[in-house]
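> structure of the sequence below:
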Amino acid sequence: MKSNTGFVGSYLAETIALLQATGQLEADILRAAEAWKAALTQGRKVIFCGNGGSAADAQHLAAELMGRFLFDRDPMAAVSLTVDTSALTAIGNDYGFADVFSRQLRGIGVAGDVILGMSTSGNSENVVRAFEAAHSLGITTIGLTGAGGGKMAALSDILIAVPHRQTNHIQEAHIAIGHMICAMVEDNLCSPKR
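This next block holds a predicted model:
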């Protein structure tokens, strides 16, 4: 039987090193926060999408804005394209899985919105197509990817490419980055309710 002695420490060491390296993305993270703030102050919304674990993170971050993050305040307009199973399965069946996000975006997106697409490889075809649709609609695109950014690099108005190539560690950094942006936006735009 294989021993896992030392696994926890080495895993945490790699995660900590990546989170520290993510500091080099500060300028892009700040630009993303400014884009969210601009959309929300103009009565627009922040839209999220991703697949698998990134789908869970997309709805998690949308919930942080719509509900609350660090303090009780008014809701902020946010939606995840990953949560409507009827739309996902109907679009996937009738048009193909590659169009599940772009078709929804064309239905609800308006100029001035922001879309945050999450893909560890940067090559998820349905996120890529959503970004293509976003450009035609005047929606700002923020790509949250792993190293290099994949196909999303060229389609992202703001690219936050985590400097790692392993999915689990990239996703750990993604949620930390998402939480940072939520915190900045909440602090800048909202007053705590008493």
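
> in the protein, which ranges drop under the pLDDT threshold?
Where the chain drops to pLDDT under 70, the residues are 194.

> rerun that using 90 as the cut-off
Segments of the chain classed as low confidence (criterion: pLDDT under 90) are 1-5, 190-194.

> show me where it has helices.
Assigned by DSSP state H, the helices in the chain fall at 7-21, 26-41, 53-66, 85-94, 100-108, 125-137, 152-155, 167-189.

> tell me the angle of the first one relative to helix 167-189?
So the one you mean is helix 7-21. Orientation of helix 7-21 against helix 167-189 (axes from the mean of the first three to the mean of the last three Cα atoms, to 10 degrees) gives an angle of 50 degrees.

> buried ones in helix 7-21?
Going by neighbour count (16 or more other Cβ atoms under 10 Å), the buried part of helix 7-21 is 15, 18. All C-beta spots, glycine's among them, are computed from the backbone N, C-alpha and C.

> which other residues reach that helix?
Residues lying outside helix 7-21 but in contact with it, judged by Cβ atoms under 8 Å, 6 or more residues apart in numbering, are 162, 163, 164, 169, 172, 173, 176.

> same question, the last one
Contacting residues not belonging to helix 167-189 are listed as 14-15, 18-19, 22, 25, 29-30, 32-33, 36-37, 40-41, 53-54, 57, 60-61, 64-65, 69-71, 73, 76, 116, 118, 120, 144-146, 160, 162, 164 [Cβ under 8 Å, 6+ apart].

> closest one of the contacts of helix 7-21 to residue 85?
Closest approach between those and residue 85, by Cβ to Cβ: residue 172, at 26.5 Å.
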